[in-house]
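sequence first, predicted coordinates after that:
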Amino acid sequence: MRLLHTADWHIGQLFHEYDRTYEHQQFLNWLLDTLLNEEIDVLLISGDVFDLSNPSAASIRMFYSFLNKAMTANQFLQIIITAGNHDSAARLESPKPLLESSNIHIIGIVEKKQDGSIDYEKLIIPLKDKNGITKAWCLAVPFLRIGDYPIIPEAENPYVAGVAAFYAELYNCASTIEQANHPIICMGHLHAQHTDMTDVDKSAERAIMGGIECIGATAFHEDIRYVALGHIHKAQRIGGKEHIRYSGSPIPMSFSELNYKHQVIVFNLEDQGINNLESIEVPVSVPLKRVPLVHNTLAEVINELEQL
């Protein structure tokens, strides 16, 4: 199976009060073409689909129009979407009854059983081939809020310990469900340890849990073939692991995101592991310019603006 990993679209974002609808639409148009050109079987969207928990009607229409076009172009495509910290988990999940008969899966809420325990099975999604035969499993984990993860008594860092326990228990649950040694991948929207962050990440994303939310790469079972992360806007590997990655944001969210390429990640998932992992650069539809590149006198600033 061939998969594409992306995250942190932030549809509806205003950039210094400027609307970015055109940029987001250009990205989605490009993504539609890429899904076909790369013959993608599974699209993973790891959180922060929208920039606001209460997105505008135009933003919602843009997103669901994309889903419709993607499925129309390839009826066998599977799409798995998880909620990020910017998304409203309940709002993102609201169309699930309409999507139950489709290959689109939206996971926003961590559901509980009647006894109060976590219903891990609701987060385990089979990845099927064109004949409807399960070939792999995806652990689709949204952004975990307080109450979503197990409470670990006397833990030095309850959040980190709880999230690690959540992933461990989820993997164990998946291992009991599948009996054919199918490969398992996983999704997450979190802040991993030793992450290279942009200014936006530091100011807007870092402070969610007061600086205690860093999750180590060891939280993910060693047999998980690929970990598709969202939350940090700079694409990167985590813990030196090729298979644990942030895809990064597809368009720059701030001027601090000018100095690296925005991308999506594609790879082949096979019984033995993953291969042909590569990043595909997202074309820049509206370049950001800083005038001047470094601070200067007012006269020189005006001169550069006039030249521009």
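Cool, the structure landed. Predicted model, so just to flag it, every value in this text is computed and none were measured. Numbers count the residues shown, from 1 in each chain.

dump the residue contacts of the residue most central in space within the chain.
Most central in the chain under C-alpha atoms, centre = their mean is S46, positioned 1.9 Å from the mean C-alpha point. S46 sits next to 5-8, 82, 84, 187-189, 228-231, 247 when contact means C-beta atoms under 8 Å, 6 or more residues apart in numbering. For glycine as for every other residue, the C-beta is placed from the backbone atoms N, C-alpha and C.

10 Å instead?
Neighbour list for S46: 5-8, 80-84, 140-143, 186-190, 227-231, 245-247 [criterion: C-beta atoms under 10 Å, 6 or more residues apart in numbering].

and if you look at I177?
So I177 contacts 120-121, 124, 126, 137 (C-beta under 10 Å, 6+ apart).

which of the residues in stretch 8-16 are buried?
8-13, 15 (16 or more other C-beta atoms under 10 Å).

would you work out how far apart the start and end of stretch 285-305 are?
End-to-end distance for stretch 285-305, by C-alpha to C-alpha, to the nearest Å: 21 Å.

please state the offset of it from the chain centre?
34 Å (C-alpha atoms, centre = their mean, to the nearest Å).

what do you get for stretch 86-105?
15 Å.

tabulate the CA atom coordinates of it in CSV.
Taking C-alpha atoms only, stretch 86-105 is exported to CSV below (Å, rounded to 0.1, in the frame of the first residue of the first chain):
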residue,chain,number,x,y,z
HIS,A,86,-6.9,23.7,17.1
ASP,A,87,-9.8,21.5,16.0
SER,A,88,-13.1,21.0,17.8
ALA,A,89,-13.1,17.3,18.2
ALA,A,90,-16.9,17.0,18.3
ARG,A,91,-17.4,19.4,15.4
LEU,A,92,-14.8,17.6,13.2
GLU,A,93,-16.6,14.3,14.0
SER,A,94,-20.1,15.6,13.4
PRO,A,95,-20.4,14.2,9.8
LYS,A,96,-19.4,10.7,10.8
PRO,A,97,-22.9,9.2,10.4
LEU,A,98,-22.8,10.3,6.7
LEU,A,99,-19.4,8.8,6.2
GLU,A,100,-19.9,5.4,7.8
SER,A,101,-20.4,3.8,4.4
SER,A,102,-17.4,5.5,2.9
ASN,A,103,-13.7,5.1,3.2
ILE,A,104,-13.3,8.3,5.2
HIS,A,105,-12.6,7.9,8.9
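
tell me which residues in that stretch are buried?
Buried residues in stretch 86-105 (16+ other C-beta under 10 Å): 86-87, 89, 92-93, 99, 103-105.
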